[in-house]
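K.L.:
A structural model of the following input is requested.
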Amino acid sequence: KVGAKKVAFLSSDAEFAQTLVGGGRNQAKLMGMEVVYDQKFPPNTTDFSSMIRAIKATKPDLVYVCSYPGESVGIVRS
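P.N.:
I've put the predicted structure just below:
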């Protein structure tokens, strides 16, 4: 009863990431969580600042990211 109620998904537009985020969406649905943001980005994206601002605006309790290591570094830096 206590815990995350809103989730944001951010994922690379690559097969492996889409498979992982699909599982995350299913789990969120099973747990009755509200999806407040769901965005995929092209591989090799370097600027994630607009996506991070959009995620922050939705005020999620949980952010689920599926990306390659280089993209993950860019997301954390943003």
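
K.L.:
for the chain, which spans come out with low pLDDT?
P.N.:
Judged by pLDDT under 70, the chain has its weakly predicted residues at 1-2.

K.L.:
all helices of it, in order?
P.N.:
Ranges of helices in the chain, per DSSP state H, are 15-30, 49-58, 69-77.

K.L.:
run through who's touching the shortest one.
P.N.:
Right, the one you point to is helix 69-77. Under the criterion CB atoms under 8 Å, 6 or more residues apart in numbering, residues 10, 12, 41, 43-48, 52, 65, 67 lie in contact with helix 69-77. Using the backbone N, CA and C atoms, a C-beta is placed for each residue, glycine as well.

K.L.:
could I get those as CSV with neighbour count and distance to Val73?
P.N.:
Formatted as CSV, the contacts of helix 69-77 follow (neighbours: other CB atoms under 10 Å; distance: CB to CB, whole Å):
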residue, neighbour count, distance to Val73
Leu10, 23, 14
Ser12, 23, 13
Phe41, 19, 14
Pro43, 13, 14
Asn44, 11, 12
Thr45, 16, 12
Thr46, 10, 10
Asp47, 11, 13
Phe48, 21, 10
Ile52, 18, 13
Val65, 19, 11
Ser67, 23, 9
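
K.L.:
and which of the residues you listed is nearest Gly23?
P.N.:
Distances from Gly23 to the contacts of helix 69-77, taken as CB to CB, are shortest for Val65 (13.5 Å).

K.L.:
I'd like the distance between the residue nearest to Tyr64 when sequence neighbours are not counted and Ala57.
P.N.:
Once flanking residues are discounted, Tyr64 sits nearest to Gly24: 4.7 Å by CB to CB, 6 or more residues apart in numbering. Distance of Gly24 to Ala57, given as CB to CB, to the nearest Å: 20 Å.

K.L.:
who has more neighbours, those two?
P.N.:
Neighbours per residue (other CB atoms under 10 Å) separate Gly24 from Ala57, with Gly24 holding more: 19 against 10.
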